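Trainee: A predicted structure for the sequence below; I have some questions about it.
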Amino acid sequence: MNTQTLQVEVRSKSGKGPARQLRMQGKIPAVLYGPGVDTTKLTISPNEFVKALTTEMGRNVVFELPIDGTSHLALVKDVQVHPVSRDPLHVDFYRVTTDLAVTANVPLRTKGRAAGVHKGGSLQAVFRELPVRCTPDKIPAVIEVDVTRLDIGDALKVSEVPLPEGVSILLPPDRRVITVSEARKAVAAEAEAGAAAGGAPGAPSA
């Protein structure tokens, strides 16, 4: 399991005033909570935090937080950001262990060109991310599905998504994940051609 070590400091003060002072010093407030640990107020570097999120794991990166001589594994639970700059203002970390399952949203990526697209169809991803459950060390960076066999009118369901061992998707097995439908432009062109040949839809025939 790849982890990112993030240097933290334990803080005692909370509230808008102390938080503003931290940001003026180039730091932001954070908190760690979860099973096996008391809720702990922390201070972190926003630059180090954002840099850690640029790995292939993105928001699902597992952090190592050294606190008072003990290293805690944690996932990002929530990030408050500035409405304009999108800079992080506060981070919630959730303590995890490698023997307890957690939930995470994993990006969905398609591979190949669908047969239906070759025929003028349109491929649509119903989900950009899939909710999964597994232990932290097994969270995949992405879930990749091969769509080459999908023809117009076909769909790929949750039950057909290949997953690493120990990973499950928190959606019904028959839920559609990827669909291939007729392109809107093609459907509109056919409707216009039909109207030109046989008159406006609903008009009485001669």
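Mentor: Ah, there it is. Numbering: from 1, shown residues only.

Trainee: so where is the protein shaky, pLDDT-wise?
Mentor: 184-206 (pLDDT under 70).

Trainee: What segments of it are strands?
Mentor: With DSSP state E, the ranges of strands along the chain come out as 3-5, 8-10, 28-33, 40-44, 62-67, 70-81, 88-95, 102-111, 121-125, 129-134, 143-146, 155-157, 168-169, 176-182.

Trainee: wait, which of those is closest to residue 52?
Mentor: Among those, strand 3-5 comes nearest to residue 52, with 4.1 Å by Cβ to Cβ. Where C-beta positions appear, they are placed from N, C-alpha and C, glycine not excepted.

Trainee: Show the contacting residues for the closest residue to residue 48 other than its chain neighbours.
Mentor: Nearest residue to residue 48 in three dimensions, chain neighbours excluded: residue 6, at 6.0 Å (Cβ to Cβ, 6 or more residues apart in numbering). Listed by Cβ atoms under 8 Å, 6 or more residues apart in numbering, the contact partners of residue 6 are 44, 45, 48, 49, 52, 63, 64, 65.

Trainee: Please list only the buried members of the residues you listed.
Mentor: Buried members of the contacts of residue 6, scored by 16 or more other Cβ atoms under 10 Å, are 44, 49, 52, 63, 65.

Trainee: Residue 9 against residue 41, yeah?
Mentor: No - at 9.7 Å, residue 9 and residue 41 do not qualify as touching, with contact defined as Cβ atoms under 8 Å.

Trainee: Count the neighbours of the residue nearest to residue 144 when sequence neighbours are not counted for me.
Mentor: Spatially, and ignoring its direct neighbours in sequence, residue 144 is nearest to residue 109 (4.8 Å; Cβ to Cβ, 6+ apart). Residue 109 has 12 neighbours, counted by other Cβ atoms under 10 Å.
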